[in-house]
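Give me the fold of what follows.
(chains A, B, C and D)
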Protein chains: 2
Amino acid sequence: MKRTSFRSWPCSLARSVDLLGDWWTPLVLREAFFGSRRFDEFQQALGIGRNVLAARLRRLVAEGLLERRLYQERPRRYEYVLSESGRDFLGVLAALMRWGDRWLDRGRGAPVQLRHRRCGARTHAEVVCAECGEPLAAEDLDFELGPGFPKKLVAKERVRRLFGGRRPPRAEATPG
Amino acid sequence: MKRTSFRSWPCSLARSVDLLGDWWTPLVLREAFFGSRRFDEFQQALGIGRNVLAARLRRLVAEGLLERRLYQERPRRYEYVLSESGRDFLGVLAALMRWGDRWLDRGRGAPVQLRHRRCGARTHAEVVCAECGEPLAAEDLDFELGPGFPKKLVAKERVRRLFGGRRPPRAEATPG
DNA sequence: CGCGTCAGTTCACTAGCGAGACTCACTCTA
DNA sequence: TAGAGTGAGTCTCGCTAGTGAACTGACGCG
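The predicted structure is shown next:
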């Protein structure tokens, strides 16, 4: 029984989760943002099993989030640095960190804070609408089919119900 | 050999990942945002195993992201609706979806798009600095210890290296 | 009374996760 | 030229978590 793969689901969320949705991968990426590059750096910082780390690094390289580069011959040693897509993942990590700060700190405050060099402020991540800059809230969003959605599936009943112009009534009745 | 728990790590990211970092949980939450409330709705929409779904719902309820409420007596039937913290998780999902749109679509375009009711635009999520509103980039961020960081650990060598005012040189040498 | 609905639980099976030991290739020291 | 050290992995193996499917139990309906 293999884990069900979401790779080919018509949903970017599912695909991302398929790739990054295990317990270690986000932390490996965090370490990369903290400056780790070498196998043993990652391993010691996280206390992760070496085989697990090797597998994660391999996959992240295969998927293009990390680049494996030779930093010395004799013996051949490789290090792992964030690629463009890897660096772009910072937003997701920052959003997740922010969520944890808000809901998981049990009154002790954030363990780690962000300082934004550009404006100098101690800050945190916020997820906004790219067009108007307002924070995104569930109530303000509709989901629409995009160009990458398979034509075959458009006719499906569930799809039509979900994306048929408006949200299902139950969703709108959500209190709050 | 149990999965190592990140619950008590001094890192909101690790704690969030511990809670939500498996393959199904984010998709269950996505379904909740799409309007699913009932057990069988979730089950059919995702094709998830019923026992796995039951376990995920139970945990999400225990952690406060979902509320389990009785929607009919005789027979007793429960449904699951997003709580405040659950709704707040939308930002993370939207950021992850956006990342997938950018890096995982293989030239076919986004399968699902967002429409922001407030401004009317077809849009996507963007992660910005809460203070100045500029998009967050890895190069512009410093990490600092916050009030929730355990005092005991501050003396640790690794911690001092990471948070001792500036980033380690290797991080700054990152190309890009 | 038998059928359908809904929300789960139980069960048998197994892929693969995770921890720690081990390997391999090399350099450095004396 | 032994011996220690370093760094990047592989190997072994117990265990767990996910899979799919059957089952349960409370109830309404005709």
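
Who's the closest spatial neighbour of A:Arg69, skipping the chain neighbours?
A:Glu79 (6.0 Å; CB to CB, 6 or more residues apart in numbering or on different chains). Just so you know, the C-beta spots here come from the backbone N, C-alpha and C atoms, and that holds for glycine as well.

what secondary structure does the one you found sit in?
strand (DSSP: H, G, I helix; E, B strand; the rest coil).

Am I right that it is in contact with A:Tyr71?
Yes. Counting by CB atoms under 8 Å, A:Glu79 does reach A:Tyr71; the two are 4.9 Å apart.

Show me which residues of chain A sit near DNA strand C.
A:1-3, A:22-24, A:47-52, A:55, A:74-75 (CB under 7 Å from any atom of the strand).

cutoff 6 Å now
A:1-3, A:23-24, A:48-52, A:55, A:74-75 (CB under 6 Å from any atom of the strand).

Let's have the residues you listed in TSV, adding pLDDT.
Formatted as TSV, the residues of chain A next to DNA strand C follow (pLDDT from 0 to 100):
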residue	pLDDT
A:Met1	59
A:Lys2	71
A:Arg3	83
A:Trp23	88
A:Trp24	92
A:Ile48	90
A:Gly49	88
A:Arg50	89
A:Asn51	90
A:Val52	91
A:Ala55	92
A:Arg74	77
A:Pro75	85
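
in chain A, which spans are helices?
Ranges of helices in chain A, per DSSP state H, are A:12-20, A:25-34, A:39-46, A:50-62, A:84-88, A:90-103, A:151-154, A:157-163, A:169-172.

right, and those - which one's nearest A:Gly133?
Of all the helices of chain A, helix A:90-103 sits nearest to A:Gly133, with 15.0 Å by CB to CB.

For A:Arg98, give me its contacts.
A:124-126, B:12, B:91 (CB atoms under 8 Å, 6 or more residues apart in numbering or on different chains).

switch to 10 Å and redo it
A:110, A:114, A:123-127, B:12-13, B:16, B:88, B:91-92, B:127, B:130 (CB atoms under 10 Å, 6 or more residues apart in numbering or on different chains).

What subset of those is buried?
With burial judged by 16 or more other CB atoms under 10 Å in any protein chain shown, the buried subset of the contacts of A:Arg98 is A:110, A:114, A:123-127, B:12-13, B:16, B:88, B:91-92, B:127, B:130.

ok, the most centrally placed residue in chain A to chain B distance?
Geometric centre of chain A, nearest residue: A:Val92, 4.4 Å, by CA atoms, centre = their mean. A:Val92 sits 5 Å away from chain B, taking CB to the nearest CB, to the nearest Å as the criterion.

gap between that residue and B:Pro75?
A:Val92 sits 41 Å away from B:Pro75, going by CB to CB, to the nearest Å.

Relative to DNA strand D, which of the contacts of A:Arg98 is nearest.
Of all these, DNA strand D sits closest to B:Ser16, with 16.3 Å by CB to the nearest atom of the strand.

How many residues are close by A:Arg115?
14 (other CB atoms under 10 Å in any protein chain shown).

any idea how far the nearest residue in space to it that is not next to it in sequence is from A:Ser5?
Distances taken as CB to CB, 6+ apart place B:Asp142 nearest to A:Arg115, at 4.1 Å, with adjacent residues excluded. According to CB to CB, B:Asp142 and A:Ser5 sit 38 Å apart.

So which of the two has more stuff around it?
For B:Asp142 versus A:Ser5, neighbours defined as other CB under 10 Å are more numerous around B:Asp142 (15 against 11).

doesn't A:Arg122 make contact with the more buried one?
Yes. B:Asp142 is in contact with A:Arg122 according to CB atoms under 10 Å; the separation is 9.5 Å.

And A:Glu79 and A:Tyr71? Which one has more around it.
Per other CB under 10 Å, whichever of A:Glu79 and A:Tyr71 has more neighbours is A:Glu79, with 17 against 11.

so who does that one touch?
Contacts of A:Glu79 by CB under 10 Å, 6+ apart are A:36-39, A:41, A:66-72, B:170.

how close does it sit to A:Gly35?
On the measure of CB to CB, A:Glu79 and A:Gly35 end up 11 Å apart.

What residues does the residue lying farthest from the centre of chain A make contact with?
In terms of distance from the mean C-alpha position of chain A, A:Arg74 ranks first, at 36.1 Å (CA atoms, centre = their mean). Counting by CB under 10 Å, 6+ apart, A:Arg74 touches no other residue.

Which residue would be the closest one in chain A to DNA strand C?
Closest point on chain A to DNA strand C, by CB to the nearest atom of the strand, is A:Gly49, at 3.0 Å.

Output stretch A:114-131 in PDB, but only the C-alpha positions, please.
Presented in PDB, the C-alpha positions along stretch A:114-131 are these (Å, rounded to 0.1, in the frame of the first residue of the first chain):
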ATOM      1  CA  LEU A 114      11.600  38.500  12.000                       C
ATOM      2  CA  ARG A 115      13.500  41.700  11.400                       C
ATOM      3  CA  HIS A 116      12.800  43.200   8.000                       C
ATOM      4  CA  ARG A 117      16.000  44.900   6.800                       C
ATOM      5  CA  ARG A 118      14.200  47.000   4.200                       C
ATOM      6  CA  CYS A 119      12.100  48.800   6.700                       C
ATOM      7  CA  GLY A 120      14.000  48.000   9.800                       C
ATOM      8  CA  ALA A 121      10.900  46.900  11.700                       C
ATOM      9  CA  ARG A 122      10.500  43.800  13.800                       C
ATOM     10  CA  THR A 123       7.700  42.200  11.900                       C
ATOM     11  CA  HIS A 124       5.900  39.100  10.800                       C
ATOM     12  CA  ALA A 125       4.500  37.700   7.600                       C
ATOM     13  CA  GLU A 126       1.000  38.600   6.300                       C
ATOM     14  CA  VAL A 127      -0.700  37.000   3.400                       C
ATOM     15  CA  VAL A 128      -2.500  39.500   1.200                       C
ATOM     16  CA  CYS A 129      -4.200  39.800  -2.100                       C
ATOM     17  CA  ALA A 130      -1.600  40.500  -4.700                       C
ATOM     18  CA  GLU A 131      -3.900  43.000  -6.400                       C
END
